[in-house]
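Asks: what follows is a predicted structure for the sequence shown.
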Amino acid sequence: MTFSIVDIFRHTPYNKIMLFDTTHILYLIISSFLTIGGLCACYFLIKKEAHKLIVLKISAVSTVVIHYSSLWVDFFTTGNAQVQSSMLLPIYPCNICMWLLLISAFCKRRNNLAFRILTEFTFWAGTVCGMIGIVLNENYANTPTLLDYDILKGLLSHSTMVFGAVYLLVSGMVKIRVFNAISAICGLLFFLLDGAIINGLYAIFALEPVNSMYLLEPPFPDMPWLQNYLMGIVAVLLIFAIGVLYEFLTLPKEKRWYYKLKEKQTERKV
């Protein structure tokens, strides 16, 4: 049995609400144009590492500030500010990616394995999660207007996060390699740990389940086979395949993953 993207929409709540209306499509087009244009401009104009870090920091800080900006807007317009659960806890993948991007931007120790894993996972997860957050934004689907600041800031924060995540690659801080798959595994395990902790806290304090990291229910209830575990395995395999193909097309034989693996095995035997 096969499913297309149309089938997914038909089997989710999104078929009952407005997505891809004129406003949403215009936002997608403008956001894509600005993101791609900005990344191209940075690639050709910004060469110094210090300047690259400034761009990354601006993107990361902007994402966090925009995410929380609705609190200030609500307070100064109504006198009250309601704090959403995702502002207090990293409940969803995008919440974690936002903070990982900020850590990547301000991390001082940049020449070690931990930083490599951090930035590689941030690139892949931040890009994919951010794009999903723009294209399939549930808040916009429920309230299809950009006149509501909560909706607008949700889209904007995802856009700035996508810019920052992709800039990790554009700036050369991340390179597409087979090792990216290892970084993805580490990051996805962190997702699972985070989800288990948050779901556990909600259970301990007798709060309504929040389904953190989609550990309690699949993201599409009518498609129970589409579990987060399955999506994670598919994602790792895709990243591995992309890394293999990229290394084959761009790197000499002695720098490819399998050659380096053979070298390490030889060293261990010696």
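Replies: The structure has been received and is ready for your questions.

Asks: going by C-alpha atoms from here, please, whenever you check contacts or count neighbours.
Replies: Noted.

Asks: what mean pLDDT does the biggest helix by length in the chain have?
Replies: Using DSSP state H, we find that the single longest helix of the chain is helix 49-78. Averaged across helix 49-78, pLDDT comes to 96.

Asks: buried residues in it?
Replies: 52-53, 55-57, 59-64, 66-71 (16 or more other Cα atoms under 10 Å).

Asks: end to end, how far does stretch 199-213 reach?
Replies: Start-to-end span of stretch 199-213 (Cα to Cα, to the nearest Å) is 9 Å.

Asks: next: stretch 136-149.
Replies: 18 Å.

Asks: what are the buried residues along it?
Replies: By 16+ other Cα under 10 Å, the buried positions in stretch 136-149 come out as 137-138, 140-141, 144-146.

Asks: now it, how far from the chain's geometric center?
Replies: 19 Å (Cα atoms, centre = their mean, to the nearest Å).

Asks: quick one: average pLDDT of it?
Replies: Mean predicted confidence for stretch 136-149 is 92.

Asks: quick one: low-confidence ranges for the protein?
Replies: 1-18, 269-270 (pLDDT under 70).

Asks: let's go with 90 and repeat that
Replies: 1-20, 82, 108-111, 136, 138, 141-142, 217-229, 253-270 (pLDDT under 90).

Asks: beyond the longest helix of the chain, next helix or strand please.
Replies: Note on helix 49-78: by DSSP states H and E, the next helix or strand toward the C-terminus is helix 85-88.

Asks: list the buried residues of the helix or strand just after that next one.
Replies: Downstream of helix 85-88, the first helix or strand assigned by DSSP H and E is helix 93-106. Residues of helix 93-106 classed as buried: 93-105 (neighbour count, 16+ other Cα under 10 Å).

Asks: ok, back up a step: tell me the angle of the longest helix of the chain relative to helix 93-106?
Replies: 130 degrees (axes from the mean of the first three to the mean of the last three Cα atoms, to 10 degrees).

Asks: from the contact counts, what lies against helix 49-78?
Replies: On a contact count with 3 or more Cα pairs under 8 Å, 6 or more residues apart in numbering; DSSP states H and E, helix 49-78 meets helix 93-106, helix 149-170.

Asks: for residue 78, which of these is the nearest?
Replies: With Cα to Cα as the criterion, residue 78 lies closest to helix 149-170 of these, at 12.9 Å.

Asks: what's that closest one packed up against?
Replies: helix 22-45, helix 49-78, helix 93-106, helix 113-135, helix 138-142.

Asks: fine by me, we can end here.
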